[in-house]
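Following is a predicted model, sequence given first.
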Protein chains: 4
Amino acid sequence: MILKFDFASKVPLYLQLRNQIVIGIAEGKLSPGEKLPTVRALADESGINSMTVSKAYQLLKQENYIVTDRRGGTAVASQTPEKVDARTVHALRLHISELRISGMSKEDVLDLCAKLYEEGDQK
Amino acid sequence: MILKFDFASKVPLYLQLRNQIVIGIAEGKLSPGEKLPTVRALADESGINSMTVSKAYQLLKQENYIVTDRRGGTAVASQTPEKVDARTVHALRLHISELRISGMSKEDVLDLCAKLYEEGDQK
Amino acid sequence: MILKFDFASKVPLYLQLRNQIVIGIAEGKLSPGEKLPTVRALADESGINSMTVSKAYQLLKQENYIVTDRRGGTAVASQTPEKVDARTVHALRLHISELRISGMSKEDVLDLCAKLYEEGDQK
Amino acid sequence: MILKFDFASKVPLYLQLRNQIVIGIAEGKLSPGEKLPTVRALADESGINSMTVSKAYQLLKQENYIVTDRRGGTAVASQTPEKVDARTVHALRLHISELRISGMSKEDVLDLCAKLYEEGDQK
DNA sequence: GTGGTCTAGACCACA
DNA sequence: GTGGTCTAGACCACT
């Protein structure tokens, strides 16, 4: 899995990392149970400080996206129960509003959403 | 139009304000050409610093959601922005990923998106 | 409120701080709505690094014990809804087991628990 | 006696093992004098490294919960430790604080403590 | 070798 | 002035 960071972005690095991993899981680039790189390995290869990587991992863990086994290593959670976050729906509402204002029809928006959802099917 | 702020949120206040106005426009609570309260009035009634309100207005102006008329009043733009922001699509992808992981089917997601889009029709 | 740290303890400093604040709230030394010292002030007066204090505050925030208002400052939450944590009950079970093995009768244990609970009443 | 481990927990495995044995003793699932499995056997059946099991046994020995007999076997001590650990009381205070903040009345807390204590009576 | 903790000092966004 | 982010480098507990 390839990671990209925008060091000029206002979005903090640890969130950029977290988001890429979430998307990776949803789109099948990361499978449940698959091992993730160690904190230090990921830090080295991406040029990010290990504390920053650690912060992202801790957030993902807290959100039940990943699990770290005490016997070593971190992996994508096999169980991702998790209720739908109200903030996610709220954010969705905002972004759909932005698309609507920019002139997209309901069909266009739904097509876009369908396309985005399906990225996870063609893995 | 009623404004609500979460002072404990991670989202900055000026963005919360900006987002509510964008949603308001998309969902028809604010009509093109409609006048917005002055910075001062909005600041007073919502308990937010006027610098913060001003920042939100400036952002909205820059994004072409609102315009300042000759006499200094502010109103919803009649010409809405036409370009779709790449960041919006990226954010949409993230949030759809989150919904997918939490177990929602494609149909569920599309229903939700349709519902969110339609909020602007029933004003 | 007086804070004490055991720099030799195996319990991490940020947890020691978190625990003292939780106990302080329960025992009435900190009232709902009361302002907490700033991260830096607390760091200075206790000789702990500010990142460590920040970590404690973030944990307390996540647990809904405290709230930070975007307009500045952090305060004890006035609403502490929060469900009872299963881990708390589990830990309680362990500690009561330890007391039982060391020979304390049920009455002694309940007296101790009652005494500990009541510390919050005599503020 | 059934052992369960949470490999994703923040509590180290050797402590999880130690805690389960302490609770087992208090609640009568393990009787004074009863033999414990060998380090190796316990390690194999639970998927834990034998160094980790050994560490737990050493800790329990040091706390006088278990003893090693002449031939190297390990058994639950018949002489139980008599001193109440100050840390136990401190931990109890913390957990009772957490329960109190989450809205439990003194009666609720004492009922819970009584119930937890009594688990050892109904074996 | 793994993640977790801590420090000292710096910079930035927000209000 | 507030909290949030990030770095570089160190030490430690656990397995």
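Ah, there it is. Numbers count the residues shown, from 1 in each chain, chains lettered A, B, ... in the order given.

Now do stretch A:34-42: distance from first to last residue.
End-to-end distance of stretch A:34-42 (CA to CA, to the nearest Å): 15 Å.

secondary structure class for the residue nearest to the spatial centre of chain A?
Central residue of chain A (CA atoms, centre = their mean): A:Val22, 2.1 Å from the mean position. For A:Val22, the assignment made with DSSP: H, G, I helix; E, B strand; the rest coil gives helix.

ranges for the helices of chain A?
Using DSSP state H, the helices of chain A run over A:13-26, A:39-46, A:50-62, A:86-101, A:106-118.

for the ones you listed, which one sits closest to C:Val89?
helix A:50-62 (20.5 Å; CB to CB). Bear in mind the C-beta positions are built from the backbone N, C-alpha and C, glycine included.

Distance from the chain centre to the closest one, please.
The chain centroid and the centroid of helix A:50-62 are separated by 12 Å under CA atoms, centre = their mean, to the nearest Å.

Could you do stretch A:104-117 as well?
Centre to centre, stretch against its chain (CA atoms, centre = their mean), the figure for stretch A:104-117 is 20 Å.

so what's A:Glu98 up against?
In this structure, A:Glu98 makes contact with B:Val22, B:Ala26, B:Val84, B:Asp85, B:Thr88, judged by CB atoms under 8 Å, 6 or more residues apart in numbering or on different chains.

Tell me the one among those residues nearest to chain A.
Nearest to chain A out of the contacts of A:Glu98 is B:Ala26 (CB to the nearest CB; 3.3 Å).

In space, what's closest to that closest one - neighbours in sequence excluded?
A:Ser97 (3.3 Å; CB to CB, 6 or more residues apart in numbering or on different chains).

Now do the same for the one you found: its pLDDT.
Per-residue confidence (pLDDT) for A:Ser97: 96.

Look up how far D:Ala41 lies from the residue of chain A positioned farthest from its centre.
Distance from the centre of chain A peaks at A:Gly103, with 28.1 Å (CA atoms, centre = their mean). For A:Gly103, the distance to D:Ala41 (CB to CB, to the nearest Å) stands at 70 Å.

Could you point out which residue ranges in chain A have low pLDDT?
Of all residues in chain A, those with pLDDT under 70 make up the ranges A:81, A:122-123.

What's the nearest residue in chain A when you look at chain C?
Counting by CB to the nearest CB, chain A gets nearest chain C through A:Gln62, at 7.6 Å.

For that residue, which non-adjacent residue is closest in space?
Here the residue nearest A:Gln62, using CB to CB, 6+ apart, is C:Gln62, at 7.6 Å.

can you count the residues close to that neighbour?
For C:Gln62, the neighbour count with other CB atoms under 10 Å in any protein chain shown is 10.

quick one: contacts for A:Ser102?
Contacts of A:Ser102 (CB under 8 Å, 6+ apart): B:Thr80, B:Pro81, B:Glu82, B:Lys83, B:Val84, B:Asp85.

where's it relative to DNA strand F, distance?
Using CB to the nearest atom of the strand, to the nearest Å, A:Ser102 is found at 28 Å from DNA strand F.

For stretch A:71-82, which residues meet the burial criterion?
Of all the residues in stretch A:71-82, those buried under the rule 16 or more other CB atoms under 10 Å in any protein chain shown are A:Thr74, A:Ala75, A:Val76, A:Ala77, A:Thr80.

quick one: A:Tyr14 and A:Leu60 touch, right?
No - using CB atoms under 8 Å, A:Tyr14 makes no contact with A:Leu60, being 9.8 Å away.

Show the contacting residues for A:Ser78.
So A:Ser78 contacts A:Pro32, A:Gly33 (CB under 8 Å, 6+ apart).

Not counting its neighbours along the chain, what's nearest A:Ser50?
A:Ala43 (3.9 Å).
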